[in-house]
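Engineer: Predicted model, plus sequence, below.
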Amino acid sequence: MKYYLTTPIYYVNAAPHIGHAYTTIAGDTIRRLKRMQGFDVVMTTGTDEHGQKIERAAAAAGKSEQEFTDVISGEFRRQWEILGIEADRFERTTSKRHERVVQDLFQRCLDRGYVYKGDYTGQYCVFDELYVTDAKPGDPCPDCGRTTETVTEENYYFKLSAFQQKLLDLYESQPDFILPESRRNEVLAFVKQGLSDLSITRTTIKWGIPVPGEEKHVFYVWFDALTTYISAVDGEGLWPADLHLMGKEIVRFHAVFWPAFLMAADIPLPKRIFAHGWLLFENDKMSKSRGNIVRATPIHKTLGTDALRYFLLREVVFGQDGSFSYDALVGRYNSDLANGLGNLASRTLSMIHQYRGGVVPECECGDQRIAQIATDVTSSALEFYDRFDFSRALETIWGLIAAVDKYIVEQAPWKLAKSEENIAPAQLDQVLYTAVEALRIVTALLSLVIPESAAKIWMQLGFGEPVNRIRTADLHWGQMPQKQTLGVVSPIFPRADAKASIDQMKRLEIEELAHQYALLGKTMPPEEAMPATPAPAPVTSANKPAQTAAPGGAKPAASAEFSQITIDDFIKVDMRVGIVLDAAPVKGADKLLHLHVDIGEPQLRSIVAGIAMAYKPEQLVGRKVVIVANLEPRKLRGLISQGMIVAASLEGGSPVLASFLESVPVGARLK
Ligand code: MSP
């Protein structure tokens, strides 16, 4: 029986971080679970390498698109190796095979009458690679706050509107098609509002898969990217996928566009879509502009990969948002792994070495009460795992660890070993067998989440076969081979000194960041390389340097991108020095701020600016800024905006406001 699952294919405009690792680790855990359940499992991951963002990132790095994507894609592949991910397929959207499969899908949609040609003019967000409906020229993108670009192009359209009812029928007939329930409701509400046709080709971009017979067109990145799930296993009889895993922000693409494309092409639909929540850093969104992105490698080097895998799956309820912090990571490592599991393993194995020469004693299958607890825990843990409720599965398994710990304390094997009573040796055999059999079951159940450490304990238990050969039937109580000789005992999870390990992770984070800057062809700004206080990236929410310092290098002046203008053209732009008198967040738009700016006129200017991710309102009040004063006023989120604030747009779109080193009077003109 096959089981085919996928993670998203990650954009190569940035190097991997723990957000990407989170989904991939969850996928890997499911992959191991399905293997344990007896399926022939295949997991696909990969990289999404086309589109304007990548075109620009490559240009900024001074590389060709192909060179650039080779490097970053390699970085993702390396990351999954470091994290012990068993990815069976690593598909890149730049592969030839993928290109052919995308073109076939398009042809099938075209042949069946679901694709037509039309003209389109609209406001386009380059960053999100989406047209913004109802936006006017100069409007910011409602998702990221970056200024949209006006784009007119001849497109091929996909008749998404023809699939509204079919999609609703799908969600109705398969209530678990989209999980968790909250995401399903969100998608249902979206589809019920009505669906507009979707433009699926672009003429504004060169870096993409060409549309057959249409020189200027390349496929829209999502039409291209989603098809990876099929191209990765082309001709292997694995389609349809049993599971697509992803973060909640891309559920719509998977649950609406993707099934519609497949229905149009008469291709079977995936069976399930599971969208998990967001991993935050100390309850804050992780982002480049906030300088609070956490990478996996420093954690792997300090506490081991399993510490990260365990933390992510234990701490965060899969499906909901959750928070990462170094303190919580080290706390869980010490309490659950070092004290809990590590302690049970070393105590049990050492006692068998000490009292029974390292050979598992013969006994009538151990203590029946513990046997019952182990049986119950195994079945609940497997059930929780099967529902992808990893945190409860782990919590349940720790229930067994606690029960065995208590049992050992109550039975006091160290006293039995010294006792002169006739029955003491048999009792000691029973206690030792019970403990080691429970440890075997715990280790096998945990091998889905902490494979590397489980493999080590497995060897110490004396097994020759790897732990990943275990199937669910092997989890029944009483299968620890009597008389098995144990391996050499060595500690699995040495206790971590919280301060020293956090310091080390932060130091390594800087090294990793420098490595990533180098990959992207940039030099790390010195303020990001300082390990002193205020803390380097990652930072606490109280001392975020990214809010005042420039993260990432500025994009090189892209003179080739723009045609030349005359001085007369330039003079038309009226730029003035202004002072911000007040600033406030805009309700419902977390990227926007509403400012009142004095530019030396009788009336203050009301200005809505997409700078909230980089500046707090209180940082702006009293600050001199540059305003484009003769822009046509427009309304944003119901507020009038009478001008634009001038800022440098860094790589990734983070704004840094233009300012002056010398004192300048309010109202002065820039020319
Ligand atoms: N290329 C698209 C996906 C195409 S799939 C056909 C894309 N790439 S991405 O690099 O932006 O990766 C997004 C995915 O990475 C999320 O859906 C999620 O799986 C994972 N995550 C990235 N950051 C994350 C968090 N901070 N928290 C949780 N998951 C995150 O979108």
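Structural biologist: Nice, I can see it.

Engineer: Where in the protein is the helix or strand with the lowest mean pLDDT?
Structural biologist: Considering only helices and strands, the least confidently modelled element of the chain by mean pLDDT, DSSP states H and E is strand 130-132, at a mean of 76.

Engineer: For the helix or strand following that one, buried residues please.
Structural biologist: Scanning the chain past strand 130-132 towards its C-terminal end, the next helix or strand to appear is strand 149-158 (assignment: DSSP states H and E). Of the residues in strand 149-158, those scored as buried under the neighbour-count criterion (16 or more other C-beta atoms under 10 Å) are Glu149, Val151, Glu153, Asn155, Tyr156, Tyr157, Phe158. From N, CA and C alone the C-beta is placed, and that goes for glycine too.

Engineer: Now tabulate the residues you listed in TSV and tack on distance to the ligand and pLDDT.
Structural biologist: Shown next, in TSV, are the buried residues of strand 149-158 (distance: C-beta to the nearest ligand atom, whole Å; pLDDT from 0 to 100):
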residue	distance to the ligand	pLDDT
Glu149	20	90
Val151	21	85
Glu153	22	82
Asn155	20	89
Tyr156	19	95
Tyr157	20	96
Phe158	16	97
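
Engineer: Identify, from the residues you listed, the entry nearest to Gln103.
Structural biologist: When these are compared for distance to Gln103 (C-beta to C-beta), Tyr156 wins out at 12.2 Å.

Engineer: Am I right that the closest one is in contact with Val115?
Structural biologist: Yes - the pair Tyr156 / Val115 is scored as a contact, 5.4 Å apart, by C-beta atoms under 8 Å.

Engineer: what sits in contact with each of those two?
Structural biologist: Shared contacts of Tyr156 and Val115 (C-beta atoms under 8 Å, 6 or more residues apart in numbering): Phe106, Ile200.

Engineer: which non-adjacent residue is nearest the residue of the chain at minimum distance from the ligand?
Structural biologist: Nearest residue of the chain to the ligand, counting by C-beta to the nearest ligand atom: Gly19, 2.3 Å away. Spatial nearest neighbour of Gly19, chain neighbours left out: Leu279 (5.3 Å); criterion: C-beta to C-beta, 6 or more residues apart in numbering.

Engineer: Checking the residue of the chain closest to the ligand next. Helix, strand or coil?
Structural biologist: helix (DSSP: H, G, I helix; E, B strand; the rest coil).

Engineer: Can you give me the distance of it to Gly399?
Structural biologist: If you measure Gly19 against Gly399 using C-beta to C-beta, to the nearest Å, the figure is 30 Å.

Engineer: Mind checking which of those two has more residues around it?
Structural biologist: Here Gly19 and Gly399 are compared on neighbour count by other C-beta atoms under 10 Å; more neighbours surround Gly19, at 21 against 15.

Engineer: what's the spacing between the more buried one and Lys415?
Structural biologist: On the measure of C-beta to C-beta, Gly19 and Lys415 end up 51 Å apart.

Engineer: Name the spans of this protein whose pLDDT lies under the cut-off.
Structural biologist: Low-confidence segments of the chain, defined by pLDDT under 70: 526-563, 650-653.

Engineer: tell me the helices in the stretch 451-600 of the chain, going along the chain?
Structural biologist: With helices called from DSSP state H, counting those that start in this stretch, the stretch 451-600 of the chain shows them at 451-460, 498-519, 567-571.

Engineer: which of those sits most buried?
Structural biologist: Per residue and on average, the most neighbours among the helices of the stretch 451-600 of the chain fall to helix 451-460, with a mean of 21 (mean count of other C-beta atoms under 10 Å).

Engineer: Now find how far off-centre that one is within its chain.
Structural biologist: Using C-alpha atoms, centre = their mean, to the nearest Å, we find the averaged C-alpha position of helix 451-460 to lie 27 Å away from the chain's own average C-alpha position.

Engineer: Give me the three-state assignment for Phe660.
Structural biologist: Secondary structure state of Phe660, per three-state DSSP, is coil.

Engineer: likewise the one 5 residues further on?
Structural biologist: Here Pro665 is coil, with the state taken from three-state DSSP.

Engineer: so who does it touch?
Structural biologist: The neighbours of Pro665, taking C-beta under 8 Å, 6+ apart as the test, are Val577, Gly600.

Engineer: rerun at 7 Å
Structural biologist: With contacts defined as C-beta atoms under 7 Å, 6 or more residues apart in numbering, Pro665 is in contact with Val577.

Engineer: contacts for the host helix or strand of Tyr171?
Structural biologist: Assignment of secondary structure by DSSP H and E places Tyr171 within helix 164-173. Counting by C-beta under 7 Å, 6+ apart, the neighbours of helix 164-173 from elsewhere in the structure are Phe177, Ile178, Arg184, Leu188, Val191, Gly194, Leu195, Val256, Pro259, Ala260, Met263.

Engineer: these two touch, right, the third one and Ile178?
Structural biologist: Yes - between Arg184 and Ile178 there is a contact at 4.1 Å, judged by C-beta atoms under 7 Å.

Engineer: These two: which is more packed in?
Structural biologist: When Arg184 and Ile178 are compared for neighbours, Ile178 comes out ahead with 26 against 19, by other C-beta under 10 Å.

Engineer: right, and that one touches Ile273 too?
Structural biologist: Yes - under the criterion of C-beta under 7 Å, Ile178 lies in contact with Ile273, with a separation of 5.0 Å.

Engineer: shared neighbours of those two, anything?
Structural biologist: Counting by C-beta under 7 Å, 6+ apart, the residues touching both Ile178 and Ile273 are Val251, Ala255.

Engineer: Whichever of the contacts of helix 164-173 end up buried, select them in ChimeraX.
Structural biologist: If you want just the buried ones from the contacts of helix 164-173 in ChimeraX, going by 16+ other C-beta under 10 Å, the selection is:
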select :177,178,184,188,191,195,256,259,260,263
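
Engineer: Next step: the contacts of helix 164-173 restricted to helices.
Structural biologist: Secondary structure of the contacts of helix 164-173 is defined by DSSP state H; positions in helices are Arg184, Leu188, Val191, Pro259, Ala260, Met263.

Engineer: what about the closest residue to the fourth one other than its chain neighbours, how many residues close to it?
Structural biologist: Right, the one you point to is Pro259. Spatial nearest neighbour of Pro259, excluding adjacent residues (C-beta to C-beta, 6+ apart): Leu269 at 5.1 Å. One way to gauge burial is a neighbour count; for Leu269, by other C-beta under 10 Å, it gives 17.

Engineer: Ok, Asp590 next?
Structural biologist: Asp590 is surrounded by 12 other residues when neighbours are defined as other C-beta under 10 Å.

Engineer: what's near enough to touch the closest residue to it other than its chain neighbours?
Structural biologist: Leaving out its chain neighbours, the residue that sits closest to Asp590 by C-beta to C-beta, 6+ apart is Ala612, at 6.2 Å. Contact partners of Ala612, counting by C-beta under 7 Å, 6+ apart, are Gly145, Pro585, Asp590, Lys591, Leu592, Leu593.

Engineer: From the residues you listed, list just the buried residues.
Structural biologist: Gly145, Lys591, Leu592, Leu593.
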